[in-house]
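> Here you go, sequence then predicted model.
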Amino acid sequence: MGMFTIGNLTATRIEESYEPNFDAARFFPDWRPEVVHEHRDWMVSDHYDPATGMLKLSVHSWLLKIGAKNILIDTCVGNDKPRAHRPMWHLMRTPYLERLAAAGVRPEQIDLVMCTHLHVDHIGWNTRLENGKWVPTFPNAKYVFSREDYEHYLALDRDPRTGPVNGGSFRDSVLPVVEAGLAQMVTGAGALDEYLSYDPAPGHTPGTIAINLAAKGARATFCGDILHHGVQVYHPEWNSFACADAANARISRRRILEQCAGSGALLLPAHFGAPFVCHIDAKGDRFAPRF
Ligand SMILES: [Zn+2]
């Protein structure tokens, strides 16, 4: 858990999992063992497990409280989801909703769900299994995500050569929300209220959005998978194996780092290890995280 203050607002990390989970050299095609030596002081062992050579990527949501409103950003993998393509996430059972309750929020008290993109580990708790059916976990919420991602994955999902897409997650975690009339798809840049806005940041997926928060002069950016790991702050040119469009993923990553360095915004990624957030310092065209 962890709670961070942005102006008069708070963002609380709701953990689903946090353990060594992805082989570093497979996750980052540009990975070199030397980076562990260069960055040992912050990387080992909250962000990298030297015994296994695995990255330690957290999977969590951010719970934002804006006045009486509860907003959940990215919804992890979810319980009971068949994920044969990714055994560690197959039919998972975690006390995620209990952790949300420990932060003072029941599912029916969530007003807004925002997904930075529609990959399997950002949409899972959109739905839960009830009497053999996938139903929205947050029945009183509007679910905001990009129309571009939706249309992209809908086309792939319907095509028998590529569907079911994203390990089946589009069917069990996105379509039921749309069918229930709870989806609010967005295109381009826009604002949801006086505090929250979003910007297109394509690359990791075609419709990835960055979510920005401004409160009493303080700023924060929820970057989803525009960056997965702290090492990408030093190496913005490093894409993950899961980045769909290599050139645009690099452009969007560098833009987020420039914006955070320039504005002093707190960066709240979806997968960084402890302490899970950082500020960004810039020196020339290089960046460094300040944890
Ligand atoms: Zn992710």
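Thanks, I have the structure now. Numbers count the residues shown, from 1 in each chain.

> Please count neighbours and contacts with C-alpha atoms only from this point.
Fine.

> in the sheet, who's paired with the residue nearest to residue 55 when sequence neighbours are not counted?
Leaving out its chain neighbours, the residue that sits closest to residue 55 by CA to CA, 6 or more residues apart in numbering is residue 48, at 4.4 Å. For residue 48, the beta-bridge partners are residue 44, residue 55 (DSSP bridges).

> For residue 48, which residues are in contact?
Going by CA atoms under 8 Å, 6 or more residues apart in numbering, residue 48 touches 20, 54-56.

> The closest residue in space to residue 243 that isn't next to it in sequence and residue 106, how far apart?
Using CA to CA, 6+ apart and skipping residues adjacent in sequence, the residue nearest residue 243 is residue 204, 4.0 Å away. According to CA to CA, to the nearest Å, residue 204 and residue 106 sit 31 Å apart.

> Counting neighbours, go ahead and name the busier of those two.
Using other CA atoms under 10 Å, the more surrounded residue of residue 204 and residue 106 is residue 204, with 28 against 15.

> The more buried one against residue 247, yeah?
No. Residue 204 is beyond contact range of residue 247, at 9.7 Å (criterion: CA atoms under 8 Å).

> residue ranges with poor pLDDT in the stretch 1-150 of the chain?
For the stretch 1-150 of the chain, the stretches with pLDDT under 70 are 1.

> As CSV, the contacts of residue 48 with neighbour count and distance to residue 273 would be great.
What follows is the contacts of residue 48, written out as CSV (neighbours: other CA atoms under 10 Å; distance: CA to CA, whole Å):
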residue, neighbour count, distance to residue 273
20, 21, 10
54, 19, 12
55, 26, 9
56, 26, 6
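
> ok, how many other residues are close to residue 69?
Counted with other CA under 10 Å, the neighbours of residue 69 add up to 11.

> which residues does it form a beta bridge with?
Going by DSSP bridges, residue 69 forms beta bridges with residue 66.

> gap between the closest residue to residue 200 other than its chain neighbours and residue 148?
Counting by CA to CA, 6+ apart, the nearest residue to residue 200 once its immediate chain neighbours are dropped is residue 209, at 4.5 Å. Separation of residue 209 from residue 148 (CA to CA): 10 Å.

> Show me which of those two is the more surrounded one.
Of the pair residue 209 and residue 148, residue 209 is the one with more neighbours under other CA under 10 Å, namely 32 against 20.

> And the strands in the stretch 151-291 of the chain?
Ranges of strands within the stretch 151-291 of the chain are 183-186, 190-191, 196-200, 209-215, 218-224, 266-269, 279-283, 286-290, based on DSSP state E, counting those that start in this stretch.

> Point out the one among the ones you listed that comes closest to residue 91.
strand 218-224 (23.2 Å; CA to CA).
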